[in-house]
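Colleague: sequence and computational prediction follow.
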Amino acid sequence: MPLKRSAGKWLLALGLLCAADARAWEARVPDSSEAPLVAVDKSRQRLVLVSPGTPRDYVCSTGCKPGDKRVRGDLKTPEGVYFMTGKRTSGLDFQEYGGIAYPLDYPNPVDRLRGKTGSGIWLHSRGRPVTPYESHGCVVVDLDDMSILSHRLKTGTPVIIAERLRTGNGGAALEAAGRVERRTRGWYEAWRAGGSMEGYYAASASGRALATRLQREQEAFRNRPGKTDIGPVQVLEGPGYWVSWFSQRGTAPGGSAFSGIRRLYWQKGEDGVFRIVGARWEAGAATD
């Protein structure tokens, strides 16, 4: 059964960990979240479900090789901010995957920019007892725990995977999150109104290519106006980047209805300004 801990006890447990690689990513995790958020602490082999109320802690297993995933077949679990892309309940080898599996969107746009390769990173259960550090890169939990978790998880649920977790956001992190949220809203208003997008994208070749693609969308709305609305902007910090996302729905210039989730990946430049380095659109997945 999941272990319930107060925030204080959870922080104490983190403080008692053995020293890990100083270069490993330590993720900040909020004390609570209106929508479910999954966070994985590789050093403790624990998965934490953050939602309204006290976080719930579950035993998990990650890759049998230490460190952040870099290449296909390295048997490591990636570190970063990922999102569930669906739910699988059929065609699974029960002993290896149990009855439920949630694929994650590894590699994300920043992973690709960093040259990371591989695929098939899932959160799943197993038809046999889970032991530490035994997966080939996935995050694995016991069958009984997955039966509890599955009632809270769905497509689009964010998953933070880090070497270590700590709760709460410091002042600098809160300030950065606010800046990313404001930049996201500014980008959307410029996109929707057909205004200048200059300054929102990184100056790299990938940033310029992304700007060209998204500005084509903007041109379509400017030349044949459609209607679009967005939901609340959410923001999470990854290792060396931030990701913001929001639901978007409306009517396309051709008259057809659309809905989905738009995700923007931001990095801070030498001038201290956050700019977009990657983006994803998940059609048909818009939520309030």
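Modeller: On my side now, so go ahead. Numbers count the residues shown, from 1 in each chain.

Colleague: show me which residues of the longest helix belonging to the chain are buried.
Modeller: Among the segments of the chain that qualify as a helix by DSSP state H, the longest is helix 171-193. With burial defined by 16 or more other C-beta atoms under 10 Å, the residues of helix 171-193 counted as buried are 176-177, 179-181, 183-184, 187-188, 190-192. For every residue, glycine as well, the C-beta is placed using N, CA and C.

Colleague: closest one to residue 155 out of the residues you listed, please.
Modeller: The shortest separation between residue 155 and any of those is 21.0 Å, and it belongs to residue 184 (by C-beta to C-beta).

Colleague: wait, residue 39 sits on residue 27?
Modeller: Yes: with contacts defined as C-beta atoms under 8 Å, residue 39 counts as touching residue 27 at a distance of 6.8 Å.

Colleague: any common contacting residues for these two?
Modeller: 160-162, 165 (C-beta atoms under 8 Å, 6 or more residues apart in numbering).

Colleague: run through this protein and note the low-pLDDT ranges.
Modeller: Low-confidence segments of the chain (pLDDT under 70): 1-23, 169, 220-226, 285-288.

Colleague: same thing but at 50, please
Modeller: Counting by pLDDT under 50, the chain has low-confidence residues at 1-22, 286-288.

Colleague: now the helices for it?
Modeller: Assigned helices in the chain, in chain order: 7-15, 94-97, 109-113, 143-149, 171-193, 205-223 (criterion: DSSP H).

Colleague: of those helices, which is nearest residue 233?
Modeller: Shortest separation from residue 233 across the helices of the chain is recorded for helix 171-193, at 5.0 Å, computed as C-beta to C-beta.

Colleague: tell me how far the closest one lies from the chain's centre.
Modeller: Here helix 171-193 is found 17 Å from its chain centre; the criterion is C-alpha atoms, centre = their mean, to the nearest Å.

Colleague: list of residues touching it?
Modeller: By C-beta under 8 Å, 6+ apart, the surrounding residues in contact with helix 171-193 are 28, 169, 195-197, 200, 214, 217-218, 221, 228, 230, 233, 235, 237, 242, 244, 246, 264, 266, 268, 274, 276.

Colleague: still on that earlier bit, make CSV out of the shared contacts of residue 39 and residue 27 and add neighbour count.
Modeller: As requested, these are exported to CSV (neighbours: other C-beta atoms under 10 Å):
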residue, neighbour count
160, 24
161, 29
162, 23
165, 25
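
Colleague: between residue 39 and residue 27, who's got more neighbours?
Modeller: Each of residue 39 and residue 27 had its neighbours counted (other C-beta atoms under 10 Å), and the higher figure belongs to residue 39 (24 against 21).

Colleague: check contacts around that one.
Modeller: Residues in contact with residue 39 (C-beta under 8 Å, 6+ apart) are 27, 29, 47-48, 50, 159-162, 165.

Colleague: so what's the residue count around the closest residue to residue 219 other than its chain neighbours?
Modeller: The shortest distance from residue 219 to any non-neighbouring residue, by C-beta to C-beta, 6 or more residues apart in numbering, is to residue 194 (7.9 Å). Burial of residue 194, expressed as a neighbour count using other C-beta under 10 Å, amounts to 14.
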